[in-house]
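Visitor: Here's my sequence, what's the structure:
(chains A and B)
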2 protein chains.
Amino acid sequence: MHEPYNVALIGCGTVGGGVAKLLLEQPQRLAARAGRPLVLKRVVVKHPDRERGVAIPRHLLTTDLKVVRDDPSIHVAVEVVGGVDWARQAILDLLAAGKDVVTANKALLAQHGGEIFDAGRRHGRAIAFEASVAGGIPIIAALCQSLAANQIQSLQAILNGTSNFILTGMSECGRSYEEALADAQKRGYAEADPTLDVDGTDAAHKLAILVQIAFGMAVPVTAIPRRGIAHVQQADIRFGHELGYTIKSLAEAWVHDNRLSLHVSPVMLRHLTPLAQVRDAYNAIYVVGDAVGNTLYYGRGAGQMPTASAVVADIIDMAVGRAQRTFQTLRLWSGNHESLTIQPAESVRTRFYLRLSVSDRPGVMADVTRVLANHHISIASIIQHEALEEHEGDTVPLVIMTHTVPTGSFTAAVADIDRLACVTAPSVYYPVED
Amino acid sequence: MHEPYNVALIGCGTVGGGVAKLLLEQPQRLAARAGRPLVLKRVVVKHPDRERGVAIPRHLLTTDLKVVRDDPSIHVAVEVVGGVDWARQAILDLLAAGKDVVTANKALLAQHGGEIFDAGRRHGRAIAFEASVAGGIPIIAALCQSLAANQIQSLQAILNGTSNFILTGMSECGRSYEEALADAQKRGYAEADPTLDVDGTDAAHKLAILVQIAFGMAVPVTAIPRRGIAHVQQADIRFGHELGYTIKSLAEAWVHDNRLSLHVSPVMLRHLTPLAQVRDAYNAIYVVGDAVGNTLYYGRGAGQMPTASAVVADIIDMAVGRAQRTFQTLRLWSGNHESLTIQPAESVRTRFYLRLSVSDRPGVMADVTRVLANHHISIASIIQHEALEEHEGDTVPLVIMTHTVPTGSFTAAVADIDRLACVTAPSVYYPVED
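Guide: Numbering: from 1, shown residues only, chains lettered A, B, ... in the order given. Purely as a prediction, here's the structure:
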């Protein structure tokens, strides 16, 4: 057995507590997998006296990051604090002090990956970050190692468990968005303020990290078009079912003709596709490579022990010496490697689901289809359910599925349609995928 | 850029041709991922003049393994010959000559893993084998690295694409086994002699490899109980549908109370479970770990480029230096690490689907349920469809779902039932899982 590998935890909230639990309660198992004992030497916390659900010896706790920074026996620092500003400075200090770093911090990498990875290279240290995307799903290892022979062609992912839990509740139990959100909050799948989860920001952070690995591009999070799920309605879920589709919030990136398209959006996904089957708070990533073809990785994207599983895998990779070699070889966030440009959102071509609210009277269909024709948008199918005759004049839904069209033409057509006298409320639309 | 990493291919059939294609046609891509150029230095083949669908320079071809063995510039030998005897000796020779080895040979590892891994350790060389199980799915990397913090609790896997393609055709198109097999052969998913695929042998080889990694046990392939799919009938697929189940050929291993249960068998799997959704020739592995929870890995389990993708990932892992560290650390096939024993098949507890062929006359149900009661087998549900009165006395199917029972009690009961006068043909049964 080789010399012990010494670990410091920076932060000890939910994920940190899970990491401490594995290190303290499974020393033999982890030593066997790492080829040497993993020793928890230090835990940096704000409140040493807080109850943590895991018995951390009092002498390991400190409130001072310098204690870790200045301890030459510590090999790796594990940042599980979250947040951007303090964590960024802490990691830069730790790298400068000669520590390798494991982090689960998606927002930090998505916003400051370049600075942090440059610092790692400058100081000859390594950074591992499996837990930053999709918790217990080893998607970082898959993209960095297992699929290394491939040019990745597309990523289609469910990266936010909260959104997926809410949409599953709406789809399977007929709940409204508000009811499904309340259920997610009750079960601990959504925060009291769920904004970053349901508006697509969290998924966009994760997508930016995956895009860096898969396509070698540093895409600013602000450059990723994103739509949240807060406006998804039961009507669209029901019409989707009728047409054979399920609404999922997807983070997607794909390359065509050296152009990278990407977005986070609710998407109508055909029922029998693998991602359409991903339920509740689970995450999944569907990756297409030019050699391997279609692959899928599925598991829990959050939660204490699934995320801790990924963090400890990174610690083991560091102790074994694999993570350092991966870090040195791949040179992530060291400039854009591929000769790709970003496809402007308006020229991305896709099919659309469109639901109009129209007055039930003669001429409506002619007006609407005339606008679509003017924008060269071809109709694949239409649903208009029969209304009772005495309700003529009431507002009824009209659902149109288009053929593949440029997004810009489509949204221009929708703007024109929404100005028609017969249209009584803003139209609702989602991309459609098979 | 570091010095080139020199590769020899041993064998150049379907998979070898795919590996050669990637090495020869994507040199820049692979060099970027490996941190150094990967150079194809030699290809050992039986017939140098055979057409291979990839333009291998004539001077690289040789029929003599010694040319590779005695070339000190070659770093890694890639065994894609298949078969056991010649490949075993070739790998032992190559390890002794100081070459690291990448192999896709499941039968070889399942039968001689101990001997080959011992030789690797003795000579200070490394062996990588991602392509030996489930082709393009990185399940070996997942178990060796990404899930290293976990005690694996269970593996449930679709590991034979041929069997899954046949069962999908039977389930979705109403084909008989023979029709679905003929279709698989026509499309190249089944060999002219499909025996090893459809009788469970191929899946048992792969399961033995996964069990070695996940549970540290060297289980002889002959000790894995296995049933093939050749006797699966449309009647059982239809009754399964009616009850909410799909028949899949699963390779499974799970631990309970320090006992390892394992088998390869057609299983009735509840419709909405992730594995039940895996269609056609795809493979998937459902892994439950004590920290990570439920995870799934899905992709093509065979075929030229998916398998070549896994082989080249191993070559890159060798060139980067990760594979050597994994090999040295994990000490696979170096004796049984865990204090597990194998659960005898007859004491494995599961639910069963049982279809009887019985004469449609009074007293049958009483006779059958009496036998089950004598063996303490509790009935969860029964299907007996109404037969036309004028057909009284004809043979009709009677389907029984049991509660969880020991397999030995169940098979003893079936033997007794099949001796009843009212039973007109041997009963059919499959395990049932959720």
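
Visitor: excluding its backbone neighbours, what's nearest residue A:192?
Guide: residue A:185 (6.9 Å; C-beta to C-beta, 6 or more residues apart in numbering or on different chains). C-beta: built from backbone N, CA, C; applies to glycine.

Visitor: quick one: the one you found from chain B, how far?
Guide: Relative to chain B, residue A:185 is positioned 21 Å away (C-beta to the nearest C-beta, to the nearest Å).

Visitor: I'd assumed that residue was in a helix, is it?
Guide: Yes. Applying DSSP: H, G, I helix; E, B strand; the rest coil, one finds residue A:185 inside a helix.

Visitor: That one reaches residue A:198, doesn't it?
Guide: No. Contact between residue A:185 and residue A:198 fails when scored by C-beta atoms under 8 Å: they sit 11.2 Å apart.

Visitor: The two: who's more crowded?
Guide: residue A:198 (25 against 16; other C-beta atoms under 10 Å in any protein chain shown).

Visitor: quick one: contacts for the more buried one?
Guide: A:160, A:162-163, A:166, A:181, A:190, A:228-230 (C-beta atoms under 8 Å, 6 or more residues apart in numbering or on different chains).

Visitor: Kindly report the residues of the stretch 301-434 of chain A close to chain B.
Guide: A:303, A:305-306, A:308-310, A:312-313, A:316-317, A:320-322, A:325-326, A:328-330, A:337 (C-beta under 8 Å from any C-beta of the partner chain).

Visitor: Which members of those residues are positioned in helices?
Guide: A:305-306, A:308-310, A:312-313, A:316-317, A:320, A:322, A:325-326, A:328-330 (DSSP state H).

Visitor: Of those residues, just say which sits nearest to residue B:98.
Guide: residue A:325 (21.0 Å; C-beta to C-beta).

Visitor: how about the host helix or strand of residue A:236, does it get close to chain B?
Guide: Here residue A:236 sits within helix A:234-243, counting by DSSP states H and E. No. Judged by C-beta under 8 Å from any C-beta, helix A:234-243 and chain B are separated, with a smallest distance of 15.3 Å.

Visitor: That helix packs against which elements?
Guide: Applying 3 or more C-beta pairs under 8 Å, 6 or more residues apart in numbering or on different chains; DSSP states H and E, we find helix A:234-243 packed against helix A:161-173, strand A:245-256, strand A:349-359, strand A:379-383, strand A:395-402, strand A:423-433.

Visitor: now the angle from the second one to strand A:395-402?
Guide: With axes from the mean of the first three to the mean of the last three C-alpha atoms, to 10 degrees as the basis, strand A:245-256 and strand A:395-402 are set at 40 degrees to each other.

Visitor: ditto for the shortest one
Guide: Between the axes of strand A:379-383 and strand A:395-402, defined by the same axes, to 10 degrees, the angle is 150 degrees.

Visitor: Kindly report the same for the last one.
Guide: Strand A:423-433 and strand A:395-402 meet at an angle of 30 degrees, taking the same axes, to 10 degrees as the criterion.

Visitor: got the angle between strand A:423-433 and helix A:234-243?
Guide: Using the same axes, to 10 degrees: strand A:423-433 against helix A:234-243 is 50 degrees.

Visitor: Just to check, residue A:99 is in contact with residue A:74?
Guide: Yes. If you go by C-beta under 8 Å, residue A:99 and residue A:74 touch, sitting 6.2 Å apart.

Visitor: If you count surrounding residues, which of those two has more?
Guide: Remark: of residue A:99 and residue A:74, residue A:99 carries more neighbours, 25 against 22, as counted by other C-beta under 10 Å.

Visitor: Would you check how far apart the more buried one and chain B are?
Guide: Counting by C-beta to the nearest C-beta, the gap from residue A:99 to chain B is 20 Å.

Visitor: Model confidence for that residue, exactly?
Guide: With respect to pLDDT, residue A:99 scores 98.

Visitor: check contacts around it.
Guide: By C-beta under 8 Å, 6+ apart, the neighbours of residue A:99 are A:8, A:68-69, A:74-77, A:125.

Visitor: Can you tell me which of these is nearest chain B?
Guide: Closest approach to chain B among the contacts of residue A:99 (C-beta to the nearest C-beta): residue A:76, at 14.4 Å.

Visitor: What count of nearby residues applies to the closest one?
Guide: Count around residue A:76 with other C-beta under 10 Å applied: 24.

Visitor: contacting residues for it?
Guide: The contact partners of residue A:76, taken as C-beta under 8 Å, 6+ apart, are A:5-8, A:99-102, A:315, A:318-319.
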